[in-house]
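Novice: turn this into a model:
(one chain, ligands or ions: 1)
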Amino acid sequence: MALRHQEIIQKLSIDEKCYLLSGKDFWSTYSVLAKGVPSINLSDGPHGIRKQEGVGDQLGLGGSLPATCFPTAATIANSWDPALGEMIGECLGEEAASQDVAVLLGPGLNIKRSPLCGRNFEYFSEDPYLAGKMAAGYIRGIQKNGVSACPKHFAANNTELRRQASNSVMDERTLREIYLTGFEIAVREAAPRSTMSSYNEINGVYANENEHLLQEILRDQWGFDGFVVSDWGAGNDFVEGVRAGSHLEMPTTGGDSAEQLIAAVKAGRISEELVDRRVDELLDVVFSTHEAMERARGSSFDIEAHHQMAMRASAESVVLLKNEENILPLAPGTRVAVIGDFAQTPRYQGAGSSVVNPTKLDNTMDVIGSFPLEVVGFEKGYPRVGAGDPAMQNAAVDLAKKADIVLLYLGLDEISESEGLDRAHMKMPQSQIDLLKAVSAANSNVVIVMSAGSAVEMPWLDQCKAMVHGYLCGQAGAAAVLQVITGQVNPSGKLSESYPLSYDDVSSKPYFPAVQRSVEYREGLYVGYRYFETAKKPVLFPFGFGMSYTTFAYTDLEADSKKVSFTLTNTGDTDGAEVAQLYVSAKAPKVYRPAKELKGFAKVFLKAGESKRVTIELDDKAFRYFNTKTDKFEIDGGEYDLLVGASVADIKLSATVNVAGTDAPLPYELSDIPSYAKGDILKVSDEEFSKLLEGPIPDGSWSGTLRMNDAICQLYYAKSFKARTVYKIMTGMLNKSIAKGTPDLNIIFVYNMPFRAIGKMAGGMVSQDMCKSILKIVNGHAGGFIAGLGGLISGYLKQSKIAKKAKEMK
Ligand code: BGC
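Specialist: Predicted coordinates for the structure are as follows:
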């Protein structure tokens, strides 16, 4: 295959080419200026720019330049509006370009397999169709002015626990239909110029060196033509990564990786032609984004306009979950008591690499004065972290008695939702539940305003009359929520994830978190509503649910296998938007299938009394399933119900269509996998899971001897006493930071890292050889300490020389 940048590549030395494929520092790529190759910068992402000044700190988590903090993906997904995602993306692209960020590391579109994943706030949905459509919107927007988006984390990265040392074990059909379809939509519909490979292994192969994912699926089947960057520290065997289809290892390893690749080329382990191809694919994006950076040089962005955009985005994503006696919207002049720490110190984004340093930050108490409400006072009500405080609670109760309505601001605290840390349960802090009980006893007109980036259990919901969920609403969200409360905005958000009655009902619960190395996806396709609907398990709020101040009627359905059309009427007296959803349900499937699957949606704005004819097209994903016998998507012919509804559980119209099949041989007999056929998957036996996997279940147990890809938190079984002491100290530090309520990201990250990542994340100070020597010491075999120490010293001397060369490469 001819190279697009042949002329330049032929001038580059093998050293230059190999260095180009790994980072220069924490955030930028190498350049070879004399031969026409510039360097570009990459930065997080996803809901605002996190450009670190200088080279960045060790883990890249320190402060960053001010940028607009938009609501997180979990919030915007509730708008069900890819066009809104595109508008946000445009602002993000503009801000990125103004800060010389060529590649924006986002959006994140991993599937919310478990409500406990610590990073769910950064992801769109439990449903791949919705996640893919929203991500495509963001990507189109970000790339409008030449910046590259970088959808992440590809793929099957659905837990934070030991994320760099875990193996996602699942059958191919589940991988394709649930965990890859969102990426497929994003790639095919929005053509991102880069993609980030995830930390984990998929069926025993690290994502960053997984040829099946990176070459066969991403490039060959979906037509991706950008570059793949490893998640930070996700590199394992650099040479294998390059071979499989990865183009850039981040952050820098100070030349260690590049030298491995140079040696591999010299030894004939990998061909120079393949290295050339990877460089060519990378340079294509380097050149185009660099050009965009040159065009944008010296540009700035309109801070106020972007703040307003963040507010609008938040307002369009607020979900009204309860509104008894139509207590909302509040009439002008209503006397309100504002209670809750979140009204003063908002929780507007999650913790981790996505943290944005906002250009400005609204809080409820500062903005409520501009709304037509009479505020009778404010009380914090509860301490942000830890046990409740009787004095604070009593003051809140006294205040509640003086008002018509209590606006009670509740939510998850900072430690509950962080990259690197999964939640232990789905409960709200007890101090807040106690406060709610006390306040509602004093004043029954309680309106809860929620701030949380993922689903929580709400056994206390009967103690409020209304609930407005703002999720993590970004820097301007405080006013957006008040716009909804006062009726300036009619809420139109709908949940992009299910709210179970209890965590016990969740399909992945028996298999989450992983016990040792393997994360077994035994629930298969039954994620979120796919499970609840099939198993007929009642939920608190179904997927797709959200209320409005008006009402809508669905009538006159016409359907065929290509599209559905129906009439939507705003039957109330308030203008508003409705998210109409289309689900597909196979009547007599010959392969196992969830009862309902989202295959289309439309957000329609209607004036009071107005009607519109709405058409939702059915695309190539509507009836397909992945067949492992033919190794491609097939169609199981037969009758399908097309269900149009206001949520997955509120179907308004239905029609049955006949769909022609592709007559492929069936991958299995349904009788071989009875639990899956019934949707009864909470206790899938080894035998049945192995049938689904079409092979043995990998042994994920730890051996007792620590290896390069074991996590540092496994030091508790290290042979060396000193290493076990390190484990104890680290665990103590971690628990202390959790108790304080503020995630200490450095500890969390290091705790979950495998030993090889010490090298990958040390900015070039520690080579892989040195990591191996550390392991010898830790494992404490006879003579291990001496051999390890010797190895460390010689490794250090060797790496110092390499790092010097790496510095000279620029
Ligand atoms: C995260 C990525 C992020 C990268 C750079 C990693 O720890 O998983 O999402 O883009 O760091 O900050």
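
Novice: quick check, the residue in the stretch 501-650 of the chain closest to the ligand?
Specialist: With Cβ to the nearest ligand atom, the shortest gap between the stretch 501-650 of the chain and the ligand falls at Val519, namely 16.1 Å. Yep, even glycine has a C-beta here, placed from its N, CA and C like the rest.

Novice: is the helix or strand where Ile748 lies anywhere near the ligand?
Specialist: In this structure, Ile748 sits in helix 745-752 according to DSSP states H and E. No. Shown here: helix 745-752 not in contact with the ligand (Cβ under 6 Å from any ligand atom), separated by at least 6.9 Å.

Novice: how far out from the middle of the chain is that helix?
Specialist: If you compare the mean C-alpha spot of helix 745-752 with that of the full chain, they lie 19 Å apart, counting by Cα atoms, centre = their mean, to the nearest Å.

Novice: let me see the mean pLDDT of it.
Specialist: The predicted model gives helix 745-752 an average pLDDT of 86.

Novice: likewise stretch 338-356?
Specialist: Mean predicted lDDT for stretch 338-356 stands at 96.

Novice: stretch 363-381 now?
Specialist: Taken as a whole, stretch 363-381 has an average pLDDT of 98.

Novice: got a list of contacts for stretch 698-712?
Specialist: Residues from elsewhere that reach stretch 698-712 (Cβ atoms under 8 Å, 6 or more residues apart in numbering): 162, 164-165, 167, 169, 203-204, 236, 514-518, 520, 714-715, 717-718, 727, 730, 750-756, 758, 768, 771-772, 775, 778-779.

Novice: coming back round to it: contacts only, for the residue of the stretch 501-650 of the chain closest to the ligand.
Specialist: Counting by Cβ under 8 Å, 6+ apart, Val519 makes contact with Asn158, Thr159, Ser166, Asn167, Ser168, Val169, Asn200, Tyr511, Phe512, Pro513.

Novice: what helix or strand is it located in?
Specialist: Per DSSP H and E, the secondary structure element for Val519 is strand 518-520.

Novice: and that strand, which strands flank it?
Specialist: In the sheet containing strand 518-520, the strands it pairs with under DSSP bridges are strand 167-169 (parallel).

Novice: next helix or strand past the strand it pairs with?
Specialist: helix 172-174.

Novice: contacting residues around that following helix?
Specialist: In this structure, residues lying in contact with helix 172-174 by Cβ under 8 Å, 6+ apart are Tyr521, Gly524, Leu525, Tyr625, Phe626, Asn627, Thr628, Pro667, Glu694.

Novice: swap in 10 Å and give it another go.
Specialist: When contacts are defined by Cβ atoms under 10 Å, 6 or more residues apart in numbering, helix 172-174 is touched by residues 156, 168, 180, 203, 212, 521-527, 591-592, 625-628, 631, 633, 667-668, 692-694.

Novice: so how do I select the buried members of those in PyMOL?
Specialist: A single PyMOL command selects the buried members of these (16 or more other Cβ atoms under 10 Å):
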select buried, resi 156+168+180+203+521+522+523+524+525+526+527+591+592+625+626+627+633+667+668+692+693
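
Novice: next step: the contacts of helix 172-174 restricted to strands.
Specialist: Counting by DSSP state E, the members of the contacts of helix 172-174 that fall within strands are Ser168, Tyr625, Phe626, Asn627, Phe633.

Novice: residues contacting the second one?
Specialist: Under the criterion of Cβ under 10 Å, 6+ apart, the contact list for Tyr625 reads 173, 176-177, 525, 586, 589-593, 597, 633-636, 664, 667.

Novice: the same query, at a cut-off of 7 Å, please.
Specialist: Counting by Cβ atoms under 7 Å, 6 or more residues apart in numbering, Tyr625 touches Arg173, Glu177, Val591, Phe633, Glu634, Asp636.

Novice: how many residues are close by the fifth one?
Specialist: To tie it back to what came earlier, the one meant is Glu634. For Glu634, the neighbour count with other Cβ atoms under 10 Å is 21.

Novice: for the ligand, what's the nearest residue on the stretch 51-200 of the chain?
Specialist: The minimum distance from the stretch 51-200 of the chain to the ligand, using Cβ to the nearest ligand atom, falls at Leu105 (3.9 Å).

Novice: ok, now how distant is the nearest residue to that residue once chain neighbours are set aside from the ligand?
Specialist: In space, Leu105 comes closest to Gly45 once its chain neighbours are excluded; the distance is 3.6 Å by Cβ to Cβ, 6 or more residues apart in numbering. Applying Cβ to the nearest ligand atom, to the nearest Å, one obtains 6 Å for the distance of Gly45 from the ligand.

Novice: and if you look at Ala34?
Specialist: Using Cβ to the nearest ligand atom, Ala34 is found at 30 Å from the ligand.

Novice: how about that residue, secondary structure?
Specialist: Here Ala34 is recorded as helix under DSSP: H, G, I helix; E, B strand; the rest coil.

Novice: mind listing what it touches?
Specialist: Taking Cβ under 7 Å, 6+ apart, we find Ala34 in contact with no residue.

Novice: neighbours of the residue of the stretch 401-550 of the chain at minimum distance from the ligand, how many?
Specialist: Of the stretch 401-550 of the chain, the residue with the smallest distance to the ligand, taken as Cβ to the nearest ligand atom, is Glu419 at 6.3 Å. Number of residues near Glu419 (other Cβ under 10 Å) recorded here: 22.

Novice: per-residue confidence at it?
Specialist: The predicted local confidence for Glu419 comes out at a pLDDT of 93.

Novice: with Asn779 instead?
Specialist: For Asn779, the model assigns a pLDDT of 89.

Novice: quick check: it touching Lys719?
Specialist: Yes. With contact taken as Cβ atoms under 7 Å, Asn779 and Lys719 are classed as touching, separated by 5.4 Å.

Novice: overlap of the contact sets of these two?
Specialist: Contact criterion Cβ under 7 Å, 6+ apart; no residue bridges Asn779 and Lys719 by contacting each.

Novice: list the contacts for Thr555?
Specialist: With contacts taken as Cβ under 7 Å, 6+ apart, Thr555 has the following neighbours: Phe566, Thr567.

Novice: quick one: buried residues of the helix or strand where it lies?
Specialist: Of the helices and strands defined by DSSP H and E, Thr555 is found in strand 552-559. Under the neighbour-count criterion of 16+ other Cβ under 10 Å, strand 552-559 has Phe552, Tyr554, Leu557, Ala559 buried.

Novice: so what's Leu792 up against?
Specialist: For Leu792, the contacting residues are Met770, Ser773, Ile774, by Cβ under 7 Å, 6+ apart.

Novice: need those residues in JSON lines (columns: secondary structure and neighbour count).
Specialist: Compiled in JSON lines, the contacts of Leu792 are given as follows (DSSP: H, G, I helix; E, B strand; the rest coil; neighbours: other Cβ atoms under 10 Å):
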{"residue": "Met770", "secondary structure": "helix", "neighbour count": "23"}
{"residue": "Ser773", "secondary structure": "helix", "neighbour count": "23"}
{"residue": "Ile774", "secondary structure": "helix", "neighbour count": "22"}
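
Novice: state the phi and psi torsions of the spatially most central residue of the chain.
Specialist: The central residue of the chain, meaning the one whose C-alpha is nearest the mean C-alpha position (Cα atoms, centre = their mean), is Tyr123 at 2.8 Å. Tyr123 adopts backbone torsions of phi -110, psi 160, taken as degrees, to the nearest 10.

Novice: show me the shaky parts of this protein.
Specialist: Across the chain, the ranges flagged by pLDDT under 70 are 55-61, 782.

Novice: what parts of it come near the ligand?
Specialist: With Cβ under 6 Å from any ligand atom as the criterion, the chain comes near the ligand at residues Asp44, Gly45, Gly60, Leu105, Lys152, Asp231, Trp232, Ser353.

Novice: list the backbone torsions phi and psi for the fourth one.
Specialist: According to degrees, to the nearest 10, the main-chain angles of Leu105 amount to phi -80, psi 80.

Novice: and for the helix holding Ile748, what's in contact with it?
Specialist: Contact with helix 745-752 is made by 59, 61, 161-164, 351-352, 418, 420-421, 711-713, 730, 733-734, 737, as judged by Cβ under 7 Å, 6+ apart.
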